[in-house]
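Enquirer: Pasting the sequence and the predicted coordinates here, then a few questions.
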Number of protein chains: 2
Amino acid sequence: MICIGIDVGGTSIKGAAVDEKGKLYERFVLPVDPSCTQNELMSQLIDMTRNYINSHDFGEKVCGIGLGIPGLIDSTNGIVTFSDNLRWEDLHVAELFEKELGIPTKISNDANAAALGETIFGAGKKYKNTVVMLTLGTGVGGGVVINGKIFDGNCGAGAELGHTSIVYNGVQCACGRRGCLEAYASANALTKQTIEAMEQDKKSLMWEIAKEQDKITGIVAWEAEKKGDPTAKKVIDQYISYLGEGILDYCNIFRPECIVLSGGVAKQGTNLTDRLVAYCEKQEYGYPRAPKTEIKVAELGYDSGIIGAACILLK
Amino acid sequence: MICIGIDVGGTSIKGAAVDEKGKLYERFVLPVDPSCTQNELMSQLIDMTRNYINSHDFGEKVCGIGLGIPGLIDSTNGIVTFSDNLRWEDLHVAELFEKELGIPTKISNDANAAALGETIFGAGKKYKNTVVMLTLGTGVGGGVVINGKIFDGNCGAGAELGHTSIVYNGVQCACGRRGCLEAYASANALTKQTIEAMEQDKKSLMWEIAKEQDKITGIVAWEAEKKGDPTAKKVIDQYISYLGEGILDYCNIFRPECIVLSGGVAKQGTNLTDRLVAYCEKQEYGYPRAPKTEIKVAELGYDSGIIGAACILLK
């Protein structure tokens, strides 16, 4: 079985054929020209996909096309309701692909597609019941996979896991609410927390590390903490506590077998997950009788978006 | 189609036959004798269920027995892992019923069963995709119904919707965490908030109303507010804000078509729901493009537990 997975980003669109074992074929890439209209870009993408399929011999027919797209996606009807990054609105993606290429097409929010990919071929592949993924990047994206299928609520508008409040009346979030997990646990939030702590402690090692790296990022506090800087330790402990509260929420709501973390912050690996486990254990509802939720980092890396998008139709 | 629904409570167990239209037959009731062991009580309940079935002519065979039980319920395996109220532990309820009565038996957490009943025959019956129910009583119970089925996570230990934190490092919750929705939005929490406000304002009308009612309950502030008491209004506004934050979380996570409220606080009807709608509108993720989530009060009333339990097997 062969499906095409397409990972739509704000600057480029990547795609490839993926088989039922998760094997990836040659990739194609379409740079996003910001001067194009949404329909022009769609035409380019459909042409590129057609050429890609025609120029490859996969040994069997391509039986589906899946697209992971950032924004508010009506997965039921295959429509991009609104994508801020791409400036797409009310774009009937699935219909356009099916009409032009005659291949069943489904779309999903990119974070949901990535969660599906990790559940089927990545860190969550051992687990059958429920897997939750949190992407800790510029924002906090989320995806929920229940019995091998994406759960995304009415018209695909759910699973906005970065937009639940963890601090009552807290920091203003870009979504309009206050105190969202995204405003406390994204890589951007960690950077902001790092800068604030550095301002308070001009002697912190973090200044040196930021200078070496030529900028202040979410990595600075992790590196300084490893070298024994107490202010950096405070930043990380506080960050773990914010993210830990979000993770505890999702343990109690979904009782997933596994929570998978991806995005920039997840590069800390077990240094991140061990501390989250230490923070969360014993606080989950029903402890010690309730089944345990594992916390892992994502495994699929760079191609997770393509693989996840293909998975929408692979299973 | 006829199923037996059994609503297990800490002081009494109620049951009845329910047909596929939600019609309830005569009820049976078994008082819970606290001096009985769990196995003795099970024997009594199985005997009573057998006698009930044998003494009624439903015109067709009983094809299932469903039980809604408070506590940590392993719905996958039909086992009560732990029920604090009933002091039951590791009790293989479904197996015992099936062995003795030869009728397929399933169990679920009582809040999940009630949510299913409301979705199939009550306030949520118009909605097909996702319905979330919150029960605002002594604690905050929760249930999630996706495509007509209970979602309860790994081994049925999820959907603990009262145990997500809405106030970082907030009030201690009975579950062990701090700041849980239950600690701010249960009827008990509202009573506590009312008492605190009364202590601060000895001239509040709430004192008079509490005297009339002979005790301070969650109703006192609602009644005093109707009569223009400004301190009561503050209590209710604050309560709406806590519950509203929980509801916004569940809108963004599940994007349900409807959130159904039940329990003591829900008796306020549209006075409650209109204010929650006013609090939540425009704050939901993706507003105004995302589909709207309705907020309603439960409709099934006293029999919701029985009907919900029967629904586990009716559909």
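Expert: Looks like it came in fine. It should be emphasised that the depicted structure is a prediction, and the values quoted were computed from it without experimental measurement.

Enquirer: now stretch A:289-299: how far from the chain's centre is it?
Expert: A distance of 17 Å separates the C-alpha centroid of stretch A:289-299 from that of its chain, computed with Cα atoms, centre = their mean, to the nearest Å.

Enquirer: Ok, stretch A:99-114 next?
Expert: 17 Å.

Enquirer: all strands of the stretch 51-200 of chain A, in order?
Expert: Remark: strands of the stretch 51-200 of chain A, listed N- to C-terminal, are A:62-69, A:72-74, A:79-83, A:88-91, A:105-109, A:130-136, A:140-146, A:149-151; assignment by DSSP state E, counting those that start in this stretch.

Enquirer: which outside residues touch the longest one?
Expert: Surrounding strand A:62-69, the residues in contact under the criterion Cβ atoms under 8 Å, 6 or more residues apart in numbering or on different chains are A:1-8, A:17, A:49, A:53, A:80, A:83, A:86, A:88, A:93, A:97, A:101, A:103-110, A:112-114, A:305, A:308-314. Using the backbone N, CA and C atoms, a C-beta is placed for each residue, glycine as well.

Enquirer: Buried members of these into PyMOL, please.
Expert: Buried members of these, identified by 16 or more other Cβ atoms under 10 Å in any protein chain shown, are gathered into one PyMOL selection as follows:
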select buried, chain A and resi 1+2+3+4+5+6+7+8+17+49+53+80+83+86+88+93+97+101+103+105+106+107+108+109+110+112+113+114+305+308+309+310+311+312+313+314
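
Enquirer: Which members of the contacts of strand A:62-69 are positioned in helices?
Expert: Among the contacts of strand A:62-69, the members found in helices (DSSP state H) are A:49, A:53, A:93, A:97, A:101, A:110, A:112-114, A:305, A:308-314.

Enquirer: average pLDDT across stretch A:150-170?
Expert: The pLDDT scores in stretch A:150-170 average 97.

Enquirer: So that stretch, near chain B or not?
Expert: Yes: in this structure, stretch A:150-170 sits against chain B according to Cβ under 8 Å from any Cβ of the partner chain; the contacting residues are A:151-161, A:163-168, A:170.

Enquirer: hey, where'd the helices end up in chain A?
Expert: With DSSP H applied, chain A shows helices at A:38-54, A:93-101, A:110-121, A:181-185, A:187-200, A:205-213, A:219-226, A:230-254, A:270-280, A:304-314, listed in chain order.

Enquirer: wait, which of these is closest to chain B?
Expert: With respect to chain B, and counting by Cβ to the nearest Cβ, the nearest of those is helix A:230-254 at 4.1 Å.

Enquirer: Could I get the buried residue list for that closest one?
Expert: By neighbour count with 16+ other Cβ under 10 Å, helix A:230-254 contains the buried residues A:231-232, A:234-236, A:239-254.

Enquirer: which helices and strands sit right next to it?
Expert: The criterion is 3 or more Cβ pairs under 8 Å, 6 or more residues apart in numbering or on different chains; DSSP states H and E, and the helices and strands that helix A:230-254 contacts are strand A:130-136, helix A:181-185, helix A:187-200, helix A:205-213, helix A:219-226, strand A:258-262, helix A:270-280.

Enquirer: What angle do helix A:187-200 and the fourth one make with each other?
Expert: Helix A:205-213 and helix A:187-200 meet at an angle of 120 degrees, taking axes from the mean of the first three to the mean of the last three Cα atoms, to 10 degrees as the criterion.

Enquirer: What mean pLDDT does helix A:205-213 get?
Expert: When the per-residue pLDDT values of helix A:205-213 are averaged, the result is 95.

Enquirer: which residues touch that helix?
Expert: Contacts for helix A:205-213 (Cβ under 8 Å, 6+ apart): A:194, A:197-198, A:216, A:219-221, A:223-224, A:227-229, A:231-232, A:235.

Enquirer: how far off helix A:219-226 does it point, in degrees?
Expert: Here helix A:205-213 points in a direction 130 degrees away from that of helix A:219-226 (the same axes, to 10 degrees).

Enquirer: count of residues packed around the closest residue to residue A:229 other than its chain neighbours?
Expert: Using Cβ to Cβ, 6 or more residues apart in numbering or on different chains and skipping residues adjacent in sequence, the residue nearest residue A:229 is residue A:205, 3.9 Å away. Residues within reach of residue A:205, counting by other Cβ atoms under 10 Å in any protein chain shown, total 21.

Enquirer: try residue A:196
Expert: The number of residues near residue A:196, taken as other Cβ under 10 Å, comes to 10.

Enquirer: thinking again about what came up before, out of the contacts of helix A:205-213, grab the one that's most surrounded.
Expert: For the contacts of helix A:205-213, neighbours were counted by other Cβ under 10 Å; the highest total belongs to residue A:221, with 31 neighbours.

Enquirer: Check the gap between the nearest residue to residue A:53 once chain neighbours are set aside and residue B:201 for me.
Expert: Taking Cβ to Cβ, 6+ apart, and ignoring the residues beside it in sequence, residue A:53 has residue A:62 as its nearest neighbour in space, at 5.5 Å. Taken as Cβ to Cβ, to the nearest Å, the spacing of residue A:62 relative to residue B:201 amounts to 71 Å.

Enquirer: Residue A:3 now?
Expert: The spacing between residue A:3 and residue B:201, counted by Cβ to Cβ, is 65 Å.

Enquirer: ditto for residue A:129
Expert: Here the distance between residue A:129 and residue B:201 works out to 50 Å (Cβ to Cβ).

Enquirer: now do residue A:75
Expert: Counting by Cβ to Cβ, the gap from residue A:75 to residue B:201 is 51 Å.

Enquirer: Between the two, point out the one with more neighbours.
Expert: A side-by-side neighbour count of residue A:75 and residue B:201, using other Cβ under 10 Å, places residue A:75 first with 21 against 16.

Enquirer: Isn't the more buried one up against residue A:109?
Expert: Yes: with contact defined as Cβ atoms under 8 Å, residue A:75 counts as touching residue A:109 (7.3 Å).

Enquirer: Spell out which residues of the stretch 51-200 of chain A are next to chain B.
Expert: Residues of the stretch 51-200 of chain A lying close to chain B (Cβ under 8 Å from any Cβ) are A:72, A:81-82, A:129-130, A:146, A:151-161, A:163-168, A:170, A:175-177, A:179.

Enquirer: Return a ChimeraX selection command for the buried portion of the residues you listed.
Expert: Here is the ChimeraX selection string for the buried members of these, based on 16+ other Cβ under 10 Å:
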select /A:72,81,82,129,130,146,151,152,153,154,155,156,157,158,159,160,161,163,164,165,166,167,168,170,175,177,179
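
Enquirer: mind checking how far the nearest residue to residue A:151 once chain neighbours are set aside is from residue B:192?
Expert: Leaving aside its sequence neighbours, residue A:151 sits nearest to residue A:144 (Cβ to Cβ, 6+ apart; 4.5 Å). For residue A:144, the distance to residue B:192 (Cβ to Cβ) stands at 34 Å.

Enquirer: Looking at these two, which is more packed in?
Expert: Set side by side, residue A:144 and residue B:192 show unequal neighbour counts under other Cβ under 10 Å, the larger going to residue A:144 at 28 against 16.
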